[in-house]
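1. what shape does this take:
(4 chains)
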Number of protein chains: 4
Amino acid sequence: MGNTFGHLFRITTFGESHGGGVGVVIDGCPPKLEISAAEIQGELDRRRPGQSKIVTPRKEADSCEIISGTFEGKTLGTPIAILVRNQDTRSQDYDEMADKYRPSHADATYDAKYGIRNWQGGGRSSARETIGRVAAGAIAKKILQQVAGVEIVGYVKRIQDLEATIDPNTVTLAQVESNIVRCPDSECAERMIEKIEQIRREGDSIGGVVECVARQVPWGLGSPVFDKLEADLAKGVMSLPASKGFEIGSGFAGTLLTGSQHNDEFYIDEYGKNRTITNRSGGIQGGISNGENIILRVAFKPTATIRKEQRTVTRSGEETILAAKGRHDPCVLPRAVPMVEAMVALVLCDHLLRHQGQCHTLKSEQMEACGEPASS
Amino acid sequence: MGNTFGHLFRITTFGESHGGGVGVVIDGCPPKLEISAAEIQGELDRRRPGQSKIVTPRKEADSCEIISGTFEGKTLGTPIAILVRNQDTRSQDYDEMADKYRPSHADATYDAKYGIRNWQGGGRSSARETIGRVAAGAIAKKILQQVAGVEIVGYVKRIQDLEATIDPNTVTLAQVESNIVRCPDSECAERMIEKIEQIRREGDSIGGVVECVARQVPWGLGSPVFDKLEADLAKGVMSLPASKGFEIGSGFAGTLLTGSQHNDEFYIDEYGKNRTITNRSGGIQGGISNGENIILRVAFKPTATIRKEQRTVTRSGEETILAAKGRHDPCVLPRAVPMVEAMVALVLCDHLLRHQGQCHTLKSEQMEACGEPASS
Amino acid sequence: MGNTFGHLFRITTFGESHGGGVGVVIDGCPPKLEISAAEIQGELDRRRPGQSKIVTPRKEADSCEIISGTFEGKTLGTPIAILVRNQDTRSQDYDEMADKYRPSHADATYDAKYGIRNWQGGGRSSARETIGRVAAGAIAKKILQQVAGVEIVGYVKRIQDLEATIDPNTVTLAQVESNIVRCPDSECAERMIEKIEQIRREGDSIGGVVECVARQVPWGLGSPVFDKLEADLAKGVMSLPASKGFEIGSGFAGTLLTGSQHNDEFYIDEYGKNRTITNRSGGIQGGISNGENIILRVAFKPTATIRKEQRTVTRSGEETILAAKGRHDPCVLPRAVPMVEAMVALVLCDHLLRHQGQCHTLKSEQMEACGEPASS
Amino acid sequence: MGNTFGHLFRITTFGESHGGGVGVVIDGCPPKLEISAAEIQGELDRRRPGQSKIVTPRKEADSCEIISGTFEGKTLGTPIAILVRNQDTRSQDYDEMADKYRPSHADATYDAKYGIRNWQGGGRSSARETIGRVAAGAIAKKILQQVAGVEIVGYVKRIQDLEATIDPNTVTLAQVESNIVRCPDSECAERMIEKIEQIRREGDSIGGVVECVARQVPWGLGSPVFDKLEADLAKGVMSLPASKGFEIGSGFAGTLLTGSQHNDEFYIDEYGKNRTITNRSGGIQGGISNGENIILRVAFKPTATIRKEQRTVTRSGEETILAAKGRHDPCVLPRAVPMVEAMVALVLCDHLLRHQGQCHTLKSEQMEACGEPASS
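-> Presented below is the predicted three-dimensional model:
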């Protein structure tokens, strides 16, 4: 049951990095949304390998096919299945890993849990699995945009100790996409790219922090007490490969302030709306969105698979040395940006639908239109 | 549906801070576990108000009653309902809050979402809701202890900028409970207590970090890809009131290392077991436990309700000033320790049961004993 | 996890027939619904023991308390916990059953599954468990009535071979409640009552069929493919104690017709609405409600616990004879009527909320009002 | 969310009758089960169109591909995605149905619910959707067979008023497959075939009853109270297209007996096992399997789509006449047999895994083997 995420807008991903392919089934997408394979492909292209010199050089088009759930360009309200075939599978690069566990990778634990694993390219633990998430996220983004004008923008905030200066309230997708590291602080981006190239030459890897903002989120999303919006966001992004930490709003730094320094005081803005002066809450109070920008950060560790020699053990319990072959990302951050955006979109979209169900059902003007056939 | 947590070991909490009471229904507890109200009460006493001079002085015994699910001191395999009546409810302290939203509290968002709220004591958003979690956590802990010897120990790692030195691999519950701030570094604990008392006198509040370790966790718990163990742990603790950040293992600091520095190399220990030399993974790799200690940290912001004056607005949209009356925690950390432990226990217990279901069903020797009546 | 029912309107019941009490937690009830303990009590009184000479003479007031989820007479959108304490517990009547399994009861299977059971009064398998369902059903009925004017009326259609003549399209609650057997065909009701009294004198039991109609159900409820409306209704009523069969619309008899005889032809009525001339579909086509009356039937077997002697075995595997003591229903049908109504209401209410979530979210006029705070 | 079934063994189906294809994702299948596309194809061939003269003459090979979840012929414990491409799609046969609603079909209700539908071949409401169920059922059957020797055999019990004589305790798959109507009473089968051919010639359709038995089911499967085994079986089969009724064990006929006639008395058999003399319970007591054969029946109405003229209405609300073109089953029963078997297998397999999780976790000898890596 671990391969399904969401309740009313619910996705199930499938697929190993080597084998027939990877994909997703989306259940609960509202009907009559215009959606095309091209739109989804646009998001997939942001996460595919081979897109630049600082990511893995594997060549995979990651070309998607919508198998079901649409008709004449619109969603039917039925499950949307999206399939991406696997292509560039040089599994011989992984031969050594059939027997040797990569340190800090999923090899040993999958073997322990299941007693079997597809060792080619990491199998199910490969980041290829996130293709399904990004495809589904493209649809969630469109719903959010259409219903409430929600904008979700993620970007690389930090690579190792290189921290960028970015205003989450104004940053644009165009700025993010203006360089290959997806850091809208162009001066810092250059140093990041240099650093990643140097690390790649050393056969090593590095990590960093992705920040993501969701703007124009309506008040009221989130379901206390366990399904608080920040709890579901945390689960969403902590389920991404290589993530090690999560912060909402002020995060860990907020623990250094006193309450009187930290609290977001309210005021009434020029349009008569209830707003907060500051936004240390990160757009969520009591687990529910408050109309301010939702801002979160995710820590990604350095990639586990490196070319440097490391001590490890074999399946049969002998100590050995491994220097990984194959083509690996020296830094997952540039490709992690669309993944984080997708998880944020999926969480918000699910809570949007849930909110409609729980909180708007008693308003009778909505039932009038409920399920009347087109003919009446 | 936001009030239920877990799949096979599943809890549903209920109750507002003012009203009939608070509690929990636990569905999926294995049968024949010995459990008593006294054992549960022991955990509840660690989180109840009035337990020391640095927490809220409200006087509530938080005395629990097991309504169902046990017989002659043992669990039946049926739902265990636990009820704690509300007692010390000086709701007049909250009269002002019926109309004025507390900054950074859930008042405004609950009103926005539901159009109604129980403003007495925060209603459902009160930390009283966690009584049900702690009660359920007591049972989860016992199952984990009995099945695999799992020990879960939480403690205060940091109050504002006062950081303690604690070895998660050896720290004991007795050390944690040796002082009222629940910080096993006794020298640092003294300074923390002093700091909290000072802040209380100022009518302000502070936050900090709780660290929690789970030792003796068996290999194999966690369900890729969305229900990775760290993802469910993140959701669990980020659903606690006032939490703003989560880290597993190396967390945010791990992003400063290279892969060759960060990776946990494997070796074979003296008992022939596969172990890691370091534990930056925090006991989880690929979403699955690897037998090492699970170590996580949670950031708690300073309490929102303070006696200092703050700008805010009323329900009807007028700007005003609020200086909260009532008896509030100047720092939630000491009482948050059992809450974090409970969430960790609930996640591990749920995954333990799920693992049995998915990964052990095909082993025929287990089915032999499956559901044979006592008489045969 | 077997003690929870529903997705957006979700109930969890708890409690054994002997012990602290029984009850329910309702999660997902929309906010601001007016509801009182008295209204719920009205439904509970229809299912309580001791209400007439043809049901079990046990004396239990089944008096309910709303523990949480309401404030000043209205729902908060938070979990509604309802508790009914157990009272008249003559457990000595059950002493023999601690050791002897009642034929066709749950005694032997609970023992086999859990290795332990509360043998007093059937424990969790007692029909007392349905108290929580009926309480929750009272709230579901009110939502359905308020949102769409839905009326749900159940009644006894048949006792053994005594079949009543009732028009489901016009039958009223008052007619159902006009006699103690809850059969609105008063002539047949008299014969049913006579039959039940005779069977009781013989120390035996009988069964029959409950029919239930839901009128004014809006078009569009039900979620293909697994959560078809009739599938969820079937699950709901087949989870009631003693149920052995389910029919929707034409049911088993419909299999004797040809397609041209069975199909419900469409026409446009005087208000321009799409209607069907006949209603063999029972108000559901393709798993989705079509605006016609939903009509279903449930078969209830004769009560398992009887005073007549029967062959059985003991826990320790010895053959023996059992003649049950205690006070049992000779026929569950009169008390099953409110249980069936409750399950129908719960299913419809859950699908109403789900439909709002999935199918109405894209209509922008609804989002305008989404979660705006009261002050703006 | 209506396209997912099961909890621990959980399937999600997708696909319309016309479009890219149909399929299923199976989440929760235990690892290391040997499975091949050929085995799955065997079951699909039993439900495919064109298999005999009494079913629809559409020519579709329904050839399946396993996209993910297996490696070297064994399951990985990861999601198993199975895809069947659509082929023989003469959508022009459906042109008329783009505008005219078929009586008693899903056309009008899908339009009412979603405001859009794929009218080609019924889209998502087509019986093609069951391909995914049957494929998943093949795997569930294999698990059940391997773990506990469970045998599931379905067959046509009745076509209109032609009722067969079959002993559920001994009937074999070979007997079922010995004729094209899947009725193991060969004399009756001949009359059924004749009847179906005659009805087809008339452009009409007929229904009937499928009976299904599961033998060697272990004691203890089923989760009171809502997830009683019969409740989940009822939901499973009532979610199949065209089903109108469900019975377990004695069913509706059982309501004509008294308790002393109906109860299944216990005895101890020659192996010391607790058994029942009769089996009116149909293998389930109190929602839990009791080791006796599980026997259920499902009523299927006559197919809605017929060539005879019927009154209906158009999308735009005008009355009209429809005589369906296209190639339709005059009787769904022969092809419904593998569908019913699949749903029974899915329910039993899910409960088998759940039972392991809830009831076997406390037995320490099982934890010893839990998740130890292969190397230790």
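2. from here on, just use CA atoms for contacts and neighbour counts.
-> Fine.
3. how close does A:Leu256 sit to B:Arg335?
-> 19 Å (CA to CA, to the nearest Å).
4. with neighbour numbers in mind, choose between those two.
-> For the pair A:Leu256 and B:Arg335, the greater number of neighbours falls to B:Arg335 (26 against 20), based on other CA atoms under 10 Å in any protein chain shown.
5. leaving out the residues flanking it, which one is nearest to the more buried one?
-> Nearest residue to B:Arg335 in three dimensions, chain neighbours excluded: B:Arg47, at 4.7 Å (CA to CA, 6 or more residues apart in numbering or on different chains).
6. do the same with A:Gly249
-> Spatially, and ignoring its direct neighbours in sequence, A:Gly249 is nearest to A:Gly282 (3.6 Å; CA to CA, 6+ apart).
7. what does A:Glu318 give?
-> B:Ile268 (7.2 Å).
8. now the one you found: phi and psi?
-> Torsion angles at B:Ile268 (phi, psi; degrees, to the nearest 10) stand at phi -100, psi 120.
9. for it, the count of nearby residues, please.
-> B:Ile268: 19 neighbours (other CA under 10 Å).
10. same check on A:Gly6?
-> For A:Gly6, the neighbour count with other CA under 10 Å is 21.
11. ok, it touching A:Val347?
-> Yes. The criterion here is CA atoms under 8 Å, and A:Gly6 meets it with A:Val347 at 7.0 Å.
12. so what's the nearest residue to A:Gly203 once chain neighbours are set aside up against?
-> Counting by CA to CA, 6+ apart, A:Arg307 is the residue found nearest to A:Gly203 once chain neighbours are left out, at 4.7 Å. Contacts for A:Arg307 (CA atoms under 8 Å, 6 or more residues apart in numbering or on different chains) come out as A:203-204, A:323-325.
13. relative to A:Ala164, how far out is the residue nearest to A:Glu197 when sequence neighbours are not counted?
-> If the residues on either side of it in the chain are set aside, A:Glu197 comes closest to A:Ile54, at 6.3 Å by CA to CA, 6+ apart. Distance, A:Ile54 to A:Ala164, by CA to CA: 18 Å.
14. of those two, which one has the most company?
-> Taking other CA under 10 Å, A:Ile54 and A:Ala164 do not tie; A:Ile54 has more neighbours (25 against 19).
15. dump the residue contacts of the residue nearest to A:Glu318.
-> Counting by CA under 8 Å, 6+ apart, B:Ile268 makes contact with A:313, A:317-319, B:274-275.
16. ramachandran angles for the closest residue to chain D within the stretch 101-250 of chain A?
-> Nearest to chain D in the stretch 101-250 of chain A, going by CA to the nearest CA, is A:Ala112, at a distance of 3.9 Å. Torsion angles at A:Ala112 (phi, psi; degrees, to the nearest 10) stand at phi -70, psi -40.
17. what's the neighbour count on it?
-> Residues near A:Ala112, counting by other CA under 10 Å: 26.
18. near chain D, which residues of the stretch 101-250 of chain A show up?
-> For the stretch 101-250 of chain A, the contact set with chain D under CA under 8 Å from any CA of the partner chain comprises A:108-109, A:111-118, A:124.
19. coming back round to it: tell me the buried residues within the contacts of B:Ile268.
-> For the contacts of B:Ile268, a burial check counting by 16 or more other CA atoms under 10 Å in any protein chain shown picks out A:313, A:317, B:274-275.
20. pick out the most distant pair among the residues you listed.
-> A:Gly317 and B:Arg275 (10.4 Å; CA to CA).
21. show me where pLDDT drops low in chain A?
-> For chain A, applying pLDDT under 70 flags the ranges A:88-91, A:363-376.
22. the top helix by length along chain A packs against which elements?
-> In chain A, with assignment by DSSP state H, the single longest helix is helix A:333-359. In terms of contacts (3 or more CA pairs under 8 Å, 6 or more residues apart in numbering or on different chains; DSSP states H and E), helix A:333-359 is packed against helix A:37-47, helix A:130-148, strand A:151-159, strand A:208-215, helix A:229-238, helix C:333-359.
23. how far off strand C:208-215 does the longest one point, in degrees?
-> Same thing as helix C:333-359. Angle, helix C:333-359 to strand C:208-215, by axes from the mean of the first three to the mean of the last three CA atoms, to 10 degrees: 40 degrees.
24. could you do the fifth one as well?
-> Using the same axes, to 10 degrees, one finds that helix A:229-238 and strand C:208-215 are set 100 degrees apart in direction.
25. mind putting the residues of the stretch 101-250 of chain A next to chain D into JSON lines with secondary structure and distance to chain C?
-> Formatted as JSON lines, those follow (DSSP: H, G, I helix; E, B strand; the rest coil; distance: CA to the nearest CA, whole Å):
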{"residue": "A:Ala108", "secondary structure": "helix", "distance to chain C": "31"}
{"residue": "A:Thr109", "secondary structure": "helix", "distance to chain C": "27"}
{"residue": "A:Asp111", "secondary structure": "helix", "distance to chain C": "29"}
{"residue": "A:Ala112", "secondary structure": "helix", "distance to chain C": "27"}
{"residue": "A:Lys113", "secondary structure": "helix", "distance to chain C": "23"}
{"residue": "A:Tyr114", "secondary structure": "helix", "distance to chain C": "24"}
{"residue": "A:Gly115", "secondary structure": "coil", "distance to chain C": "27"}
{"residue": "A:Ile116", "secondary structure": "coil", "distance to chain C": "29"}
{"residue": "A:Arg117", "secondary structure": "coil", "distance to chain C": "30"}
{"residue": "A:Asn118", "secondary structure": "coil", "distance to chain C": "32"}
{"residue": "A:Arg124", "secondary structure": "helix", "distance to chain C": "27"}
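26. looking at the residues you listed, spot the one nearest chain B.
-> Distances from chain B to those, taken by CA to the nearest CA, are shortest for A:Lys113, at 4.3 Å.
27. I'd guessed the closest one sits against B:Pro218; true?
-> No. Applying CA under 8 Å, one finds A:Lys113 not in contact with B:Pro218, separated by 10.1 Å.
28. the two: which is more packed in?
-> Neighbours per residue (other CA under 10 Å) separate A:Lys113 from B:Pro218, with A:Lys113 holding more: 28 against 25.
29. follow-up on the earlier one: for my notes, please list the buried ones among the contacts of B:Ile268 in JSON lines and give distance to C:Pro184 and secondary structure for each entry.
-> Converted to JSON lines, the buried ones among the contacts of B:Ile268 look like this (distance: CA to CA, whole Å; DSSP: H, G, I helix; E, B strand; the rest coil):
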{"residue": "A:Val313", "distance to C:Pro184": "77", "secondary structure": "strand"}
{"residue": "A:Gly317", "distance to C:Pro184": "75", "secondary structure": "coil"}
{"residue": "B:Asn274", "distance to C:Pro184": "72", "secondary structure": "strand"}
{"residue": "B:Arg275", "distance to C:Pro184": "73", "secondary structure": "strand"}
